[in-house]
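[1] sequence? don't have it. structure:
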Ligand code: KMH
Ligand code: ZN
């Protein structure tokens, strides 16, 4: 089995210090958290930026500062968010792609998101995909519900994404697909052969679905964006703490963990 790629989703757009007192917010804090997660075994950092007041931001300059600070510390693969926060305009969300990071997320459909709607119209999805092609950025296809896999395959047919595809199944968002073993299995069986995939389980779905991914040959995503609790009623002390647990589990289950350079090879990124 391929080595395990661990993505750490350090910040997110919705979590606050009230939810998680150790949430990194400033560029320095985000870079430090990425470095700690990298030391623990993460090979991809999924990044959201925050403004001076701690609110979600897609500001190009803030992303540039975060990326520079991360690159000064370690060789973790930087994956910027183009999801941003609910209600942001497509142009606002696309800003960090112009920095030509190695990867960016590409959500391929509209979905209910708690009490809100995370809008991704067909036209906007195509614009995002084309921008990633134009800037040489590798998309990670964010799949919040099963129909989004069909949308991804439509993009492939149109030449707007290229094989091998890399998917991230996000299970357990209120309003989207539930975080069950059966749902993950169905999704894994629905993607083209030769694709790679990871799973991000929200809240209490994180650990069981991550464990399943280790066993099935997929990859995992952990971090405060998806889950702030280490166990029921106990807040995690850091993003790295989640990474450390996955490294222990993976080793116990006989699967080695990929370095960033090995992850680049597995994903077909230029090394
Ligand atoms: N904050 C969500 C509305 C992504 O990073 O691409 C979207 C999101 C997905 O977080
Ligand atoms: Zn995100």
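    Received, thanks. None of these values were measured; they are calculated from a predicted model. Ligands and ions are numbered 1, 2, ... in the order given.
[2] which residue packs closest to residue 149, ignoring adjacent ones?
    residue 190 (5.0 Å; CB to CB, 6 or more residues apart in numbering). For glycine as for every other residue, the C-beta is placed from the backbone atoms N, C-alpha and C.
[3] got a list of what residue 107 touches?
    Counting by CB atoms under 8 Å, 6 or more residues apart in numbering, residue 107 makes contact with 82-83, 118, 120, 125, 142, 144, 148.
[4] now do 7 Å
    Residue 107 sits next to 83, 118, 120, 142, 144 when contact means CB atoms under 7 Å, 6 or more residues apart in numbering.
[5] tell me what the residue nearest to it when sequence neighbours are not counted is bridged to.
    In this structure, residue 107 finds its nearest non-sequential neighbour in residue 142, 4.2 Å apart by CB to CB, 6+ apart. Residue 142 has these beta-bridge partners by DSSP bridges: residue 107, residue 168.
[6] ok, residue 142 - contacts?
    Neighbouring residues of residue 142 by CB under 7 Å, 6+ apart: 83, 105-107, 168, 170.
[7] cutoff 6 Å now
    Residue 142 is in contact with 105, 107, 168, 170, counting by CB atoms under 6 Å, 6 or more residues apart in numbering.
[8] out of these, which is nearest to residue 88?
    Within the contacts of residue 142, proximity to residue 88 (CB to CB) peaks at residue 107, which comes in at 12.2 Å.
[9] roughly how far does that closest one sit from residue 167?
    11 Å (CB to CB, to the nearest Å).
[10] JSON lines please, covering the contacts of residue 142 and showing distance to ligand 1 and pLDDT.
    Compiled in JSON lines, those are given as follows (distance: CB to the nearest ligand atom, whole Å; pLDDT from 0 to 100):
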{"residue": "105", "distance to ligand 1": "3", "pLDDT": "98"}
{"residue": "107", "distance to ligand 1": "5", "pLDDT": "98"}
{"residue": "168", "distance to ligand 1": "9", "pLDDT": "98"}
{"residue": "170", "distance to ligand 1": "8", "pLDDT": "98"}
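[11] among those, who's most crowded?
    In terms of neighbour count, residue 170 stands highest of those at 28 neighbours, by other CB atoms under 10 Å.
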